[in-house]
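**Student:** Got a predicted structure plus its sequence, pasted below:
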Amino acid sequence: MVKDYEHLQREWLELAPHWIAEARAGGDLSPRELLDAYMLAVCGDVTGLHILDCGCGEGRFGRMLAERGAGRVLGVDNCPPMIEAARELRSPRENYVLGDVQDLSFLPGESFDLAVSYLNQCDLPDFAANVRGVYRVLKPGGRFVVANIHPMRSAAGPWVRRPDGSKEYYILDNYFAEGPRQFTMKNVPITNFHRTLGTYLRGFFSAGFILEDLLEPTVTPEQAAQYPGLADEARVPNFIIFLLKK
């Protein structure tokens, strides 16, 4: 496990410069024009809240929460270049620390009103450790908003295309074969972890959380027309959001 974990860290160190550059240029299309709005809506009014951002990356979503009035945002990520980049643009209400969100023992219990995981648990070898840690540091009644790659998407293969190159359907295979799956992002090999919907739900419930809502973001016809790169979101679920309450 240690060797595998070090390998994951090396992947993100290689990806970090490309990720940061894209974020500074406005961010990837799917999160920016689709997932952001869902996440902000589920987080609700964050005015004055103490918020934990698990796997904060270069701080893009933490900055959005601070801009919307969060009292304090603490971002945690184990990739040094990401944390350095997040600190460059932070406001006085934001702090970003190097740490492993699978071990939040360095944080005091019942000290946050809201926690978010924006496409981070799919990167973790032990997502359940993160869930347990977040439960401990949330105040009673606190919420945990988790955005993940949809299990239907992480189990899928490539598009099957017609002779003219158009997309006919997406392959779903090996859904119950949980574990690491490799793909390429910005020409960098990256590892995600595929898990079934049931595995995620059992992890949340075992920690003590109540599931208040589950959302599967998609696009409107108007969004698909404005952003053709998002058209596939209406055909195959890309993301899933869990709203959890302590």
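**Tutor:** Nice, I can see it.

**Student:** For Val73, give me its contacts.
**Tutor:** By C-beta atoms under 8 Å, 6 or more residues apart in numbering, the residues touching Val73 are Ile51, Asp53, Gly62, Leu65, Ala66, Arg93, Glu94, Asn95. Any C-beta I mention is one placed from the backbone N, CA and C, and that applies to glycine too.

**Student:** What are the phi and psi values at the fifth one?
**Tutor:** The phi/psi pair for Ala66 (degrees, to the nearest 10) reads phi -60, psi -40.

**Student:** is it true that it touches Leu89?
**Tutor:** No - in this structure Ala66 lies outside contact range of Leu89 using C-beta atoms under 8 Å: 10.2 Å.

**Student:** okay, those two: which has more neighbours?
**Tutor:** Ala66 (20 against 15; other C-beta atoms under 10 Å).

**Student:** can you list contacts of the worst-scoring helix or strand of the chain on mean pLDDT?
**Tutor:** When the helices and strands of the chain are scored by mean pLDDT, DSSP states H and E, strand 156-161 comes last with a mean of 84. Contact partners of strand 156-161, identified using C-beta under 8 Å, 6+ apart, comprise Lys167, Glu168, Tyr169, Tyr170, Ile171, Leu172, Asp173, Val236.

**Student:** and whichever helix or strand comes after it, average pLDDT?
**Tutor:** Next helix or strand after strand 156-161 toward the C-terminus (DSSP states H and E): strand 167-172. Averaged across strand 167-172, the pLDDT comes to 89.

**Student:** What strands flank strand 167-172, and is each parallel or antiparallel?
**Tutor:** strand 156-161 (antiparallel) (DSSP bridges).

**Student:** mind listing the strands for this structure?
**Tutor:** 50-54, 72-77, 94-98, 112-118, 138-149, 156-161, 167-172, 179-185, 188-194, 210-215, 239-245 (DSSP state E).

**Student:** Now render the ones you listed as JSON lines, adding distance to Val131.
**Tutor:** Listed next are the strands of the chain as JSON lines, based on distance: least, C-beta to C-beta, whole Å:
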{"stretch": "strand 50-54", "distance to Val131": "10"}
{"stretch": "strand 72-77", "distance to Val131": "14"}
{"stretch": "strand 94-98", "distance to Val131": "20"}
{"stretch": "strand 112-118", "distance to Val131": "9"}
{"stretch": "strand 138-149", "distance to Val131": "8"}
{"stretch": "strand 156-161", "distance to Val131": "24"}
{"stretch": "strand 167-172", "distance to Val131": "26"}
{"stretch": "strand 179-185", "distance to Val131": "18"}
{"stretch": "strand 188-194", "distance to Val131": "14"}
{"stretch": "strand 210-215", "distance to Val131": "12"}
{"stretch": "strand 239-245", "distance to Val131": "8"}
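
**Student:** Which of those strands comes out lowest on mean pLDDT?
**Tutor:** Minimum mean pLDDT among the strands of the chain: strand 156-161, a mean of 84.

**Student:** what's the spacing between it and its chain's center?
**Tutor:** 23 Å (C-alpha atoms, centre = their mean, to the nearest Å).

**Student:** got it, and stretch 72-79?
**Tutor:** With C-alpha atoms, centre = their mean, you get 13 Å for stretch 72-79.
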